[in-house]
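J.: Dropping a prediction and its sequence here:
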Amino acid sequence: VRDQEFAEKVGSHQKAMGVVPGPFDCFLTHRGIKSLAVRMDRHCVNAERVAAFLTSHPKVGTVIYPGLETHSGHEGAQRQMKRSGGL
């Protein structure tokens, strides 16, 4: 980098945190990537079920979830995403 002060900050971070992940960190990341698609699918299914349940529950007034057709941003969400996610 051209800025010496910034170079010192980057160097300090490299020394303190390391430049590359360790072998075990790589193993955990690799293992997690293998099941990511399945976990995200289940994540979405569960969210859709919870939203549907809450919509029909008498003690719940409003459910704000873009996967529901009643949500104001439902059409936009459908254009942008395959599923509505779990949050």
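T.: Everything's here; your move.
J.: contacts and neighbour counts: CA atoms only from here.
T.: Noted.
J.: Please name every helix or strand in contact with the longest helix anywhere in the chain.
T.: Taking DSSP state H as the criterion, the chain has its longest helix at helix 36-56. Packing contacts for helix 36-56, counted by 3 or more Cα pairs under 8 Å, 6 or more residues apart in numbering; DSSP states H and E, involve no helix or strand.
J.: tell me which residues of that helix are tucked away?
T.: By 16 or more other Cα atoms under 10 Å, the buried positions in helix 36-56 come out as 44-45, 47-48, 51, 55.
J.: Let me know the average pLDDT across that helix.
T.: On average, the pLDDT along helix 36-56 is 93.
J.: Just the CA atoms of that helix, as PDB, please.
T.: Only the C-alpha atoms of helix 36-56 are listed here, as PDB (Å, rounded to 0.1, in the frame of the first residue of the first chain):
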ATOM      1  CA  LEU A  36     -25.200 -25.600   3.500                       C
ATOM      2  CA  ALA A  37     -27.800 -26.200   0.800                       C
ATOM      3  CA  VAL A  38     -29.800 -28.700   2.900                       C
ATOM      4  CA  ARG A  39     -29.600 -26.500   6.000                       C
ATOM      5  CA  MET A  40     -30.800 -23.400   4.100                       C
ATOM      6  CA  ASP A  41     -33.600 -25.400   2.500                       C
ATOM      7  CA  ARG A  42     -34.800 -26.600   5.900                       C
ATOM      8  CA  HIS A  43     -34.300 -23.100   7.300                       C
ATOM      9  CA  CYS A  44     -36.700 -21.700   4.700                       C
ATOM     10  CA  VAL A  45     -39.300 -24.500   5.100                       C
ATOM     11  CA  ASN A  46     -39.400 -24.000   8.900                       C
ATOM     12  CA  ALA A  47     -39.800 -20.200   8.400                       C
ATOM     13  CA  GLU A  48     -42.600 -20.700   6.000                       C
ATOM     14  CA  ARG A  49     -44.400 -23.100   8.300                       C
ATOM     15  CA  VAL A  50     -44.000 -20.700  11.300                       C
ATOM     16  CA  ALA A  51     -45.300 -17.800   9.300                       C
ATOM     17  CA  ALA A  52     -48.300 -19.800   8.100                       C
ATOM     18  CA  PHE A  53     -49.000 -21.000  11.700                       C
ATOM     19  CA  LEU A  54     -48.800 -17.500  13.100                       C
ATOM     20  CA  THR A  55     -51.000 -16.100  10.300                       C
ATOM     21  CA  SER A  56     -53.800 -18.400  11.400                       C
END
